[in-house]
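Trainee: any chance you could fold what I've pasted below:
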Amino acid sequence: MREVSDKIAREGNSVVVGRGIPGFFQDRSDTFGVFLYAPREEKIRRLVANGKHESEIELIEAVDRERRTFVNRYFGADWPTRSYYNLMINTAIGEDNVISTILHTMNRIDDGRR
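Mentor: Below you'll find the predicted structure:
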């Protein structure tokens, strides 16, 4: 996975989604890490809106436990490790706001590097 993630980073212009990717990219200055999160109530609202029954809500906690365990096991870090990310966004602000915030921040950082 490290070799694949390094190759992706070298080639550039990619979006990589995965719970281990920030750990692989933590020492790279040429990547931009974003952590997206939502309050529990928002996660439940989305599950129900996508046709899930409220009895499946325990999946929320299970998925977060799996993420926490994965990052701790393979990177010896807490989840989420804030230092791995350039930006953390509460997705309850809406998809359009999330996208514009990411793009705006990336552009500002890119402008500062020139």
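
Trainee: what's near enough to touch the residue positioned nearest the centre of the chain?
Mentor: Against the mean C-alpha coordinate of the chain, by C-alpha atoms, centre = their mean, the closest residue is Phe35 at 3.4 Å. Contact analysis of Phe35 by C-beta atoms under 8 Å, 6 or more residues apart in numbering lists 22, 80, 82, 84-85, 87-89. Where you see a C-beta, it was placed from the backbone N, CA and C, and this is true even at glycine.

Trainee: mind redoing it with 7 Å?
Mentor: Listed by C-beta atoms under 7 Å, 6 or more residues apart in numbering, the contact set of Phe35 reads 80, 85, 88.

Trainee: show the model's pLDDT score for Arg65.
Mentor: Here, the pLDDT recorded for Arg65 equals 92.

Trainee: picking that back up, Throw the contacts of Phe35 into CSV and include neighbour count, pLDDT and secondary structure, thanks.
Mentor: Converted to CSV, the contacts of Phe35 look like this (neighbours: other C-beta atoms under 10 Å; pLDDT from 0 to 100; DSSP: H, G, I helix; E, B strand; the rest coil):
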residue, neighbour count, pLDDT, secondary structure
Pro80, 18, 89, coil
Tyr85, 17, 91, coil
Met88, 13, 97, strand
